[in-house]
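Novice: Sequence below, structure please.
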Amino acid sequence: MSNKTALAILLLVGITPTIAPAQNLCPASTTGERLICLVPQVLGPNGLVLPAGPAQFQNNFAGNSLAPLNSAIARQSVFLPLASPSSGITYSWDPSAKTFAPTTDSFGPIYGERSETIGKYRLFLGLNYQYFAFSSMDGTSLKRLPEVFTQPDLTITVNGVSENCSTTGVTGSNVGDCAFIRDVVTVDNRVDLKIHQVTAFMTFGLANRIDVSVAIPIQNIHMSIASNATIVDNSSSGVHAFLCAQGTCLQQTFFSASRASGIGDITLRMKGTAWKGERAGLAIGADVRLPTGDSLNFLGSGAVGVKPFVVWSYRARVSPHFGAGFEANGSSRVAGDITTGSKERLPGQFTYAAGADVWLNKRITAAFDLVGQLVLQGQQVNVTKFTELGACLQTPPTPCAGPTFAPPNKDDNLAPTTASFNVINASAGVKMKLVSALMLTGNVVFKTNDNGLRAKVIPMGELSYTF
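Specialist: Now for the predicted structure:
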């Protein structure tokens, strides 16, 4: 075999995965175990299943398949807030003792950041726990997420079956007749999403003004969805029905649940103090998020993220601090279309935190922060109104001419939107020095607005030690 032939074979093998067509991540023929498939497949392996009645009328209902909800959950559940990896105890050079000594002031912020670094060759180890019980999405309760499925236009012939005024078929929208196209299915969904997160932190001082950090989250996610579907028989045809224990019915509940556990996206950080005054300081740094978590189970983003940031802080009995950064993200399947497996870029976000830590005594520091994310052109959901075709007031054998209809019902319906939005939380907590350099931290995060996937309260506890 010539060198050119071998090279051609290697190139072909190398590009084959690249040119392979994208595949549906949640095929209708199977029930997937991935969390990303839980919402689109909740109404059965083939979507909204209507097993009763003529075959031509089955599985023809079209809706958004809760796509906006699924996409929003997938995108937003992977950007959970992390506590700062900064050590509560920092070390600075003592010229008189000619050694690095621990500072004797505040233990610093919890979710915010300060300009001081840990100190040359010092090591900080921390382990914290957070609990997320999500309750709303963009102001809409996860306990009531409405959707409407409609019968699309089509041409159909049903031998021997009279569709009220049509015996040979229904063509087009046919809104003037008592046709089955008037029927809709309204669905009331309840989503329960809970995340237990344990994060290991490590910070090491490379130099007096430079330290590096790593945050490794491990998560357990439980998600369930219950959907109560009702067929609204506006056509009075009785064609559409669910197959129930008692025969056929117009109402049925579907339920699905799954769990996932594993490592999340690991974040690496480097921070350096660029300027240091007698009490104030300015630091610059960068975070790099690695796609180590399983994005299809909401454990990770599925894309690399890079966030340069700047921090200013002031040391006093009450120590104010401010930090800001911009996160740019790569492309991920959770941001794309799960029906094709395509990727899209995750939205970038401007992050900021401002607050103060208060030195109460030598063992206790209280910390307060306002923490925000300005998500750029992210996907949200909102509730709109869907107007049904009015219910048919005629029944066979009334002639078709001049049918009369009831006033149309208006139903709540989820709809997607793309816009920039702010996610703002307030944080309050306490750092307590137990013995030596062992520290206990307790904190609570409260939501202050409704944008995004939100939990009302996020409790956190941490144990850390600085060597």
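
Novice: ranges for the strands of the stretch 101-250 of the chain?
Specialist: Under the criterion DSSP state E, counting those that start in this stretch, the stretch 101-250 of the chain contains strands at 123-137, 140-141, 145-150, 184-207, 210-232, 242-244, 247-249.

Novice: From the chain's centroid, how far away is stretch 219-238?
Specialist: 22 Å (CA atoms, centre = their mean, to the nearest Å).

Novice: buried stuff in it?
Specialist: 219, 221, 223-227, 229, 231-237 (16 or more other CB atoms under 10 Å). Heads up, the C-betas are built off the backbone N, CA and C, glycines and all.

Novice: Also stretch 268-276?
Specialist: In stretch 268-276, counting by 16+ other CB under 10 Å, buried: 269, 271-273, 276.

Novice: what do you get for stretch 328-337?
Specialist: Buried residues in stretch 328-337 (16+ other CB under 10 Å): 329-330, 332-336.

Novice: what's whichever helix or strand residue 328 is part of in contact with?
Specialist: Secondary structure from DSSP states H and E places residue 328 in strand 318-329. With CB atoms under 8 Å, 6 or more residues apart in numbering as the test, strand 318-329 has contacts from 105-106, 108-109, 112-115, 287, 289, 301, 303-314, 345-359.

Novice: Sort out which of the residues you listed are in strands and list them.
Specialist: Among these, the members found in strands (DSSP state E) are 287, 289, 305-314, 345, 349-359.

Novice: Just the buried residues of those.
Specialist: 287, 289, 305, 307, 309, 311-314, 349-357, 359.

Novice: and the gap between residue 408 and residue 391?
Specialist: Remark: distance between residue 408 and residue 391 (CB to CB, to the nearest Å) = 8 Å.

Novice: do residue 318 as well
Specialist: From residue 318 to residue 391 the distance is 66 Å (CB to CB).

Novice: go on, residue 122?
Specialist: 74 Å.

Novice: Who has more neighbours out of those two?
Specialist: residue 122 (21 against 18; other CB atoms under 10 Å).

Novice: How about that one, nearest residue that isn't a chain neighbour?
Specialist: residue 205 (4.5 Å; CB to CB, 6 or more residues apart in numbering).

Novice: wait, what's in contact with that neighbour?
Specialist: 91, 117-123, 211.

Novice: same thing but 6 Å
Specialist: 118-122, 211 (CB atoms under 6 Å, 6 or more residues apart in numbering).

Novice: Do I have it right that residue 117 meets residue 211?
Specialist: Yes. Here residue 117 reaches residue 211: they are 4.4 Å apart, a contact under CB atoms under 6 Å.

Novice: so where do the helices sit in this protein?
Specialist: 3-19, 67-76 (DSSP state H).

Novice: Quick check, pLDDT for residue 279.
Specialist: Residue 279 is assigned 90 on the pLDDT scale.

Novice: number of nearby residues for it?
Specialist: Around residue 279 there are 11 other residues, counting by other CB under 10 Å.

Novice: next one: phi and psi at the residue nearest to it when sequence neighbours are not counted?
Specialist: Nearest non-adjacent residue to residue 279, counting by CB to CB, 6+ apart: residue 315, 4.6 Å away. Main-chain dihedrals, residue 315, degrees, to the nearest 10: phi -90, psi 120.

Novice: burial count for residue 315?
Specialist: For residue 315, the count of nearby residues is 21 (other CB under 10 Å).

Novice: wait, doesn't it sit right on residue 280?
Specialist: No. Taking contacts as CB under 6 Å, residue 315 lies outside contact range of residue 280: 7.5 Å.

Novice: any idea how far residue 33 is from residue 26?
Specialist: Plainly put, residue 26 is 10 Å away from residue 33 if you go by CB to CB.

Novice: Just send the strands of the stretch 101-250 of the chain back as CSV, with distance to residue 368 and mean pLDDT too.
Specialist: Output for the strands of the stretch 101-250 of the chain, formatted as CSV (distance: least, CB to CB, whole Å; pLDDT from 0 to 100):
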stretch, distance to residue 368, mean pLDDT
strand 123-137, 18, 94
strand 140-141, 29, 94
strand 145-150, 34, 88
strand 184-207, 21, 93
strand 210-232, 22, 93
strand 242-244, 53, 84
strand 247-249, 55, 86
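
Novice: Out of the helices and strands in the chain, which is least certain?
Specialist: Lowest by mean pLDDT, DSSP states H and E among the helices and strands of the chain is helix 3-19, with a mean of 38.

Novice: low pLDDT regions in the stretch 51-200 of the chain?
Specialist: 51-69, 71, 78, 87-104, 152-178 (pLDDT under 70).

Novice: rerun that using 80 as the cut-off
Specialist: 51-79, 86-105, 151-181 (pLDDT under 80).

Novice: Likewise for the stretch 251-400 of the chain?
Specialist: 337-341, 393-400.

Novice: one more time with 70
Specialist: 394-400.

Novice: Just list the residues touching residue 235, thanks.
Specialist: 178-180, 182-183, 392.

Novice: I'd like to know how far it sits from residue 242.
Specialist: 16 Å.

Novice: For residue 272, give the beta-bridge partners.
Specialist: Under DSSP bridges, the beta-bridge partners of residue 272 are residue 210, residue 284.

Novice: Distance-wise, check it relative to residue 25.
Specialist: 41 Å.

Novice: Ok, residue 218 next?
Specialist: The separation that residue 218 has from residue 25, given CB to CB, amounts to 24 Å.

Novice: now residue 236
Specialist: Distance of residue 236 to residue 25, given as CB to CB: 40 Å.

Novice: Same check on residue 390?
Specialist: Taking CB to CB, one finds residue 390 at 39 Å from residue 25.

Novice: Tell me which of the two has more neighbours.
Specialist: A count of neighbours by other CB under 10 Å puts residue 25 above the other of residue 390 and residue 25, at 20 against 16.

Novice: who wins for neighbours among the contacts of residue 205?
Specialist: For these, the largest neighbour count, defined by other CB under 10 Å, is 29 neighbours, found at residue 211.

Novice: contacting residues around it?
Specialist: 117-118, 203, 205, 271.

Novice: With respect to residue 247, which of the residues you listed is nearest?
Specialist: Ranked by distance to residue 247 (CB to CB), these are led by residue 203 at 65.5 Å.
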